[in-house]
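J.: Here's my sequence, what's the structure:
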Amino acid sequence: NQSKTDYNTVNRENVWDESSKKAHYKNRKEGQPFFHIYNFTISHESSIHKSIPNDKLRHDPKKVPIPPYHPRTPEMEHDWAQYYDKVEDLDTRVGEVIKELEESGQAENTIIFYYSDHGGILGRSKRFMYESGLRVPLIVYLPEKYQHLAKEMPGSSTDRFVNLLDMGPTALNIIGANIPSHMQGKPFIGKDTEDIKMSYGFRGRMDERFDLVRSVRNNEYRYIKNYMPHRKYGQYIEYLWRAPSMKSWEQAYKNGELNEVQSAFWNEKPAEELYKISDDPHNINNLASDPAYAKILTNMRKECQSWQKEIIDVGFIPEPMIERISADIPMYEYVRKDGFEFDRIMETANMATARDQEQINTLIERLDDPNPIVKYWSLVGCAILSEQAEVAKEKIKSLVNDKEISIRIVASEVLYKIGEKELALKTLQDCLRSELMMARTMAISVLALMGEDARPALPDVEALASGKLDGRTYDIRAAKGFVDDMNKN
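T.: Just a heads-up that it's a prediction; the model follows:
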């Protein structure tokens, strides 16, 4: 493996014979088969953080195509032009690797997969649930001796679905190994392959900012379910904001210079989104509220929920709770224990995030539910429907003493919205002292919504921000962002 190991899971020892920047198939024993991964970072998101001078770019910023949701600010044009340059550089490097393989004499013995781990790198692509973020390039080369393993002819393209989850099962299938039952992907090359009719996607916490989105895509439509519709698309993420284009896009919005499509990124989300891909490849015309597409919306919603039930979607559990539970038991096992009540949890989450005022009484009733995850989602619903939830103010005030810290944090958000600002602030300040990193991070994310009203918490957050920052200290990253924002005002 050469050499990235950012798997979003625990790194396991002895997975690779060698994993380093020097790892290479040439280092294997003579005649030994090999499985080699190159991780190229030439076109990585970081490649646009430092701008190349315009006269050094091969692509003209004024002529590069830009999607309609992006404004043509000078910084946006430049980042797109630089990205196109980097993609060209990447292709050149891949060509060098293939040439090296040919020179080794192994090209006709080697199957090559060339793919990315997400869509583009500018704002509203990577991390986001649109075609720009979830559609990835994939080229597969099979030498003549292995071409019988594929359904497609050499040089052809196909519109059948392949998910990145399918890569592992496909590699195992090619060599005739058993595919473990817990692997969700399906092989797309080799024996016993099947055409996939749907592709599923998910979004959870992005570094220091919380979100929860699920998606399903068929050949015609993409459906998106937003479980945190009260959070805007453009939540500040320190790493994303290193791109000059992001800062310029945000500033153009603040200056009132954007049209409706370009402004949507800076607003709260609808409960659901539906896009017809052939007519709307950029996913800017949401059909979810169009009566002509009601049946399609219903069917896609059912498909998404069926998938969530099938995998037992762990995302419904708030991350501070996950952090605590997973210290003792893998979440995969936890949600499969008797008595987990997944159906009731999911029902409450869907009810809470529908933006349906008629559900407020049921949500208030479920604030007394003995299941803390049900109670959590009932509070999320109250945060979304805060005006209607005010009738339950006393009940919500009592929840700032709940033993589950995720509930205390969301209760604080609701209380802030209905005017109980002092109690909300005090509770969040107490939560900053939690031993759980995700609780501290979540508390800061709510404080960030409070603007100047959160200034009394600044010394507490500054104390957190003084800690050592690394790739996993999300509370410190959130704290630094909060402090910087406060110092701007």
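J.: Would you tell me which helix is longest in this protein?
T.: In the chain, assigned by DSSP state H, the helix with the most residues is helix 74-104.
J.: Identify each buried residue in it, please.
T.: Neighbour-count burial for helix 74-104, with 16 or more other CB atoms under 10 Å as criterion, is recorded at 75-87, 90, 94, 101. In short, each C-beta sits where N, CA and C put it, glycine included.
J.: Low-confidence stretches in the stretch 151-300 of the chain?
T.: The stretch 151-300 of the chain contains no residues with pLDDT under 70.
J.: quick one: the strands in it?
T.: Taking DSSP state E, counting those that start in this stretch, the strands of the stretch 151-300 of the chain run over residues 199-203, 213-217, 221-226, 272-276.
J.: C-alpha coordinates for the last one, CSV please?
T.: Presented in CSV, the C-alpha positions along strand 272-276 are these (Å, rounded to 0.1, in the frame of the first residue of the first chain):
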residue,chain,number,x,y,z
GLU,A,272,-36.2,16.0,1.2
GLU,A,273,-34.7,16.6,-2.2
LEU,A,274,-35.4,14.9,-5.6
TYR,A,275,-33.6,15.5,-8.8
LYS,A,276,-34.1,14.2,-12.3
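J.: quick one: it to strand 221-226, angle?
T.: Per axes from the mean of the first three to the mean of the last three CA atoms, to 10 degrees, the angle that strand 272-276 makes with strand 221-226 is 170 degrees.
J.: ok and strand 272-276 relative to strand 213-217, angle-wise?
T.: If you take the same axes, to 10 degrees, strand 272-276 sits at 30 degrees to strand 213-217.
J.: which other helices and strands contact strand 272-276?
T.: strand 221-226, helix 294-311 (3 or more CB pairs under 8 Å, 6 or more residues apart in numbering; DSSP states H and E).
J.: just the longest one next, same as before
T.: Strand 221-226 sits against strand 213-217, strand 272-276, helix 294-311, with contacts defined as 3+ CB pairs under 8 Å, 6+ apart.
J.: what lines up beside it in the sheet?
T.: Next to strand 221-226 in the sheet, as set by DSSP bridges, lie strand 213-217 (antiparallel), strand 272-276 (antiparallel).
J.: So for Leu165, which of those strands sits nearest?
T.: Closest approach to Leu165 among these (CB to CB): strand 213-217, 13.8 Å.
J.: what's in contact with that closest one?
T.: Contacting residues not belonging to strand 213-217 are listed as 129, 134, 161, 198-203, 222-228, 277, 300, 303-304, 307-308, 313, 315 [CB atoms under 8 Å, 6 or more residues apart in numbering].
J.: sorry, back to before: please identify the most buried of the helices and strands packed on strand 272-276.
T.: strand 221-226 (a mean of 23; mean count of other CB atoms under 10 Å).
J.: Run through the residues that contact the residue nearest the centre of the chain.
T.: Compute the mean C-alpha point of the chain, and by CA atoms, centre = their mean the closest residue is Arg203, 3.2 Å away. Taking CB under 8 Å, 6+ apart, we find Arg203 in contact with Arg127, Phe128, Met129, Asp211, Leu212, Val213, Arg214, Ser215.
J.: Just give me the neighbour total for the nearest residue to it once chain neighbours are set aside.
T.: What sits nearest to Arg203 in space, not counting adjacent residues and going by CB to CB, 6 or more residues apart in numbering, is Val213, at 4.0 Å. Counted with other CB atoms under 10 Å, residues neighbouring Val213 total 22.
J.: can I get the strands of the stretch 151-300 of the chain in JSON lines with distance to His44?
T.: Below are the strands of the stretch 151-300 of the chain laid out as JSON lines (distance: least, CB to CB, whole Å):
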{"stretch": "strand 199-203", "distance to His44": "19"}
{"stretch": "strand 213-217", "distance to His44": "23"}
{"stretch": "strand 221-226", "distance to His44": "25"}
{"stretch": "strand 272-276", "distance to His44": "27"}
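J.: Please name whichever of those strands is nearest to Ile179.
T.: Across these, closest to Ile179 is strand 199-203 (CB to CB), at 18.4 Å.
J.: And that closest one, what's buried?
T.: Ser199, Tyr200, Gly201, Arg203.
J.: quick one: it to chain centroid distance?
T.: 9 Å (CA atoms, centre = their mean, to the nearest Å).
J.: measure the closest residue to Glu208 other than its chain neighbours to Thr441 for me?
T.: The shortest distance from Glu208 to any non-neighbouring residue, by CB to CB, 6+ apart, is to Ala478 (3.8 Å). For Ala478, the distance to Thr441 equals 5 Å [CB to CB, to the nearest Å].
J.: Mutual contacts of the two, please.
T.: With contacts taken as CB under 8 Å, 6+ apart, Ala478 and Thr441 have Glu208 as neighbours in common.
J.: now, the most widely separated pair of the contacts of Arg203?
T.: Spanning the widest gap among the contacts of Arg203 are Arg127 and Arg214, at 14.4 Å by CB to CB.
J.: Reformat the helices and strands packed on strand 272-276 as CSV; add distance to Gly471.
T.: Output for the helices and strands packed on strand 272-276, formatted as CSV (distance: least, CB to CB, whole Å):
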stretch, distance to Gly471
strand 221-226, 27
helix 294-311, 27
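J.: Count the neighbours of Ile66 for me.
T.: Neighbours around Ile66, by other CB under 10 Å: 17.
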